[in-house]
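Trainee: Predicted model and sequence below, questions to follow.
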Amino acid sequence: VLRSYAHTVSESSKTADQILCCFFLVTYLVNAMRNQFAVTYTLQPTALITLFTVVPTFMRPPDDRAAWFSFSYLRIANAVNAYEKLEKTGALRDVSEMKRGYAVT
């Protein structure tokens, strides 16, 4: 959200984004291994979102501070997908609806 108003990317923000993207890459690789690196996995929406949001983060030139617009907001789809998977496991059955609402927001 900060990038939408600032129209520039600070060095600390860029570094934080790259660190978070490393975690997304690890998740992507774990899921790819789970699917035995099948081509059909790379065509799933969550995998495509990860590719289109993580790869540009590392491909930008180091001095590019004007890249304030990105498709990073699409990562929320992966977060919602992860929450739905967690809910299906039954691990949240003892958690109240109010606390679930806090977790989602």
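Mentor: Structure received.

Trainee: tell me which element the residue most central in space within the chain falls in.
Mentor: Centroid-nearest residue in the chain: R75, 3.8 Å away (criterion: Cα atoms, centre = their mean). Element membership of R75 [criterion: DSSP states H and E] is helix 75-88.

Trainee: which residues sit against that helix?
Mentor: Defining contact as Cβ atoms under 8 Å, 6 or more residues apart in numbering, one finds that helix 75-88 is touched by F24, P45, T46, I49, T50, T53, L92, R100, A103, V104. (Glycine included, C-beta is placed from N, CA and C.)

Trainee: Among those, filter down to the buried ones and hand me the PyMOL syntax, if you would.
Mentor: Selecting the buried subset of the contacts of helix 75-88 in PyMOL, with 16 or more other Cβ atoms under 10 Å as the burial test, is done by:
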select buried, resi 24+46+49+50+53
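
Trainee: Which one of the contacts of helix 75-88 is nearest to V9?
Mentor: Sorting these by distance to V9 puts T53 at the head of the list, at 14.7 Å, by Cβ to Cβ.

Trainee: check contacts around Q36.
Mentor: Counting by Cβ under 8 Å, 6+ apart, Q36 makes contact with nothing.

Trainee: which SS class is it?
Mentor: At Q36 the chain is in coil, as set by DSSP: H, G, I helix; E, B strand; the rest coil.

Trainee: How about V26?
Mentor: Put simply, V26 is helix when judged by three-state DSSP.

Trainee: same check, this time on the one 3 residues further on
Mentor: When the structure is split into helix, strand and coil by three-state DSSP, L29 lands in helix.

Trainee: contacting residues around stretch 94-105?
Mentor: Here stretch 94-105 makes contact (Cβ under 8 Å, 6+ apart) with V80, Y83, E87, L92.

Trainee: ok, now with 10 Å
Mentor: Among residues not part of stretch 94-105, those counted as contacts by Cβ atoms under 10 Å, 6 or more residues apart in numbering are A79, V80, Y83, L86, E87, L92.
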